[in-house]
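# Just need the structure, nothing else, for what follows:
(one chain, ligands or ions: 1)
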Amino acid sequence: MMGKNHVAIAIALVAANLLVFREKNLFDGWLQSLSLAFGVIVGALLPDVDADDSKVLHGSGIRQLKRLDPIVMAAGYLTKAVVYVPLGLVFRGEHRGIMHSLAGAVASGAFWWIVLLAVQGAAGGSWAAVLATGVFAGYIIHLAEDSFTRSGVAWLKPLSNKRVCGQAVTGHVSEDLVAAGFFAVAAAVYLIGKTIPQPTAVFLPLLTAGLVLVYFFMINPVLFVLRLIPRFS
Ligand SMILES: [Zn+2]
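A predicted model of the protein is given here:
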């Protein structure tokens, strides 16, 4: 999937959760929200450090976020050097390989958590945990999105090479269709989240994951049929 869609979808899903959390007084502060959002943007681009032409190594690719490009690129190159290259030496470095797995998500999330805690220790404040959570959430959402494509994602690498694949093709109209549907999922998360009583709202991210799974099984037959139409194949 393309970087732009990765960022937009991740932001939409996290924003839906965040809005509910704020309404239920489970999350506070604009600085915290912005930290989370920035973490999500970076996290949603990080798995593709395993591709040379990836957005993260050239900035976010989003005009409105151009000012953040140097930070996004620095995060990309640092993740590539410290996480991807060593992991690639052990588990074979390839696009949609170890970086596109839960192991890659945990390794990258842990790396950034340590870096951010160290920076926070020097600079002060209490933003590192929120930012690191954003990075991890963005990363996981990226893997979920790539699972909708035909190349899929081997979530359990290196334990298993079995891939979760869908019917979408990167750069094809099917990718945009999947992306558009994700916004409907985000809207559903928000609307359902609003009706949930306050203490149980902390489980909203789990409900989000469930809805994404339901969406996966709904959209793939549609994409399959779409491919049979010559204009869209
Ligand atoms: Zn990817």
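# how about low-confidence regions in the chain?
Applying pLDDT under 70 to the chain picks out residues 53-62, 232-233.
# Select the longest helix from it.
helix 204-228 (DSSP state H).
# for that helix, packing partners?
Contact partners of helix 204-228 among helices and strands, from 3 or more CB pairs under 8 Å, 6 or more residues apart in numbering; DSSP states H and E: helix 3-23, helix 128-146, helix 173-195. (Each C-beta comes from the backbone N, C-alpha and C, glycine too.)
# how about it: buried residues?
Buried residues in helix 204-228, counted by 16 or more other CB atoms under 10 Å: Leu204, Leu207, Thr208, Leu211, Val212, Tyr215, Phe216, Ile219, Asn220, Leu223, Leu226, Arg227.
# and what of stretch 192-205?
Gly193, Ala201, Leu204.
# Could you tell me which residues of the chain lie near the ion?
Pro47, Asp48, Asp146 (CB under 5 Å from the ion).
# please redo it, this time with the cut-off set to 8 Å
1, 6, 47-48, 50-51, 54, 95-96, 100, 142-143, 145-146, 153 (CB under 8 Å from the ion).
# Just the buried subset of those residues, please.
Buried, going by 16+ other CB under 10 Å: 1, 6, 47-48, 50, 54, 96, 100, 142-143, 145-146, 153, out of the residues of the chain next to the ion.
# Identify the residues contacting the longest helix of the chain?
13, 16-17, 20-21, 137, 144, 147-148, 166-168, 173-174, 177-178, 181-182, 185, 188-189, 192-193, 196, 232-233 (CB atoms under 8 Å, 6 or more residues apart in numbering).
# if I look at Val85, how far off is Phe91?
To Phe91, Val85 is 11 Å away according to CB to CB, to the nearest Å.
# Same check on Val130?
30 Å.
# Looking at those two, which one has more neighbours?
Between Val130 and Phe91, Val130 has the larger neighbour count (other CB atoms under 10 Å), namely 21 against 16.
# List the residues that contact the closest residue to the more buried one other than its chain neighbours.
Closest residue to Val130 apart from its sequence neighbours, by CB to CB, 6 or more residues apart in numbering: Ser35 at 4.7 Å. By CB under 8 Å, 6+ apart, the contact list for Ser35 reads Trp127, Val130, Leu131, Gly134.
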